[in-house]
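Q: need a 3D model of the sequence below.
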Amino acid sequence: MSPARRIERGWIYLDGTRRDDGTIEPGDDGELRFSPFDAISERRSAQISWGDIFKASAQRLAFWRS
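A: The predicted structure follows:
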């Protein structure tokens with residue numbers, strides 16, 4: 001299960017904050033925003049599913065084509 005709160009206009013928004021050591025603390029009151037490219041590199045630590053990355057990529061394509 002992905003902790004993605006929402007995917008809007010090609011951005012993946014997660015519920016969590018980034019610690020001082022660069023790791024992601026899920027479930028905090030903060031909000032992190034990832035592009036599909038960033039999400040691929042942070043996929044394991046942020047627990048972002050490939051489906052979320054694909055959906056955000058498709059939204060970016062549709063948004064920039066209009």
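
Q: list the residues that contact G30.
A: Counting by Cβ atoms under 8 Å, 6 or more residues apart in numbering, G30 touches 15-18. For glycine as for every other residue, the C-beta is placed from the backbone atoms N, C-alpha and C.

Q: tabulate those in CSV, adding columns for secondary structure and pLDDT.
A: As requested, these are exported to CSV (DSSP: H, G, I helix; E, B strand; the rest coil; pLDDT from 0 to 100):
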residue, secondary structure, pLDDT
D15, strand, 87
G16, strand, 84
T17, strand, 86
R18, strand, 86
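
Q: could you say what helices and strands the longest helix anywhere in the chain packs with?
A: As assigned by DSSP state H, the longest helix anywhere in the chain is helix 50-65. Where contact means 3 or more Cβ pairs under 8 Å, 6 or more residues apart in numbering; DSSP states H and E, helix 50-65 is packed against strand 4-8, strand 11-18, helix 36-41.

Q: output the ones you listed in CSV, with mean neighbour count and distance to A62 appended to each entry.
A: Listed next are those as CSV, based on neighbours: other Cβ atoms under 10 Å; distance: least, Cβ to Cβ, whole Å:
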stretch, mean neighbour count, distance to A62
strand 4-8, 15, 12
strand 11-18, 18, 13
helix 36-41, 16, 13
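
Q: and these, which one averages the lowest pLDDT?
A: Least confidently modelled of the helices and strands packed on helix 50-65 is strand 4-8, at a mean of 81 by mean pLDDT.

Q: pretty sure E42 is touching P36, no?
A: No. The pair E42 / P36 is not scored as a contact, 10.9 Å apart, by Cβ atoms under 8 Å.

Q: what ranges in the protein fall below the confidence cut-off?
A: 1-4, 65-66 (pLDDT under 70).

Q: change it to 90
A: 1-6, 14-32, 42-48, 61-66 (pLDDT under 90).

Q: next one: the most centrally placed residue in it from F63, what distance?
A: Compute the mean C-alpha point of the chain, and by Cα atoms, centre = their mean the closest residue is I12, 3.3 Å away. As judged by Cβ to Cβ, to the nearest Å, I12 and F63 stand 14 Å apart.
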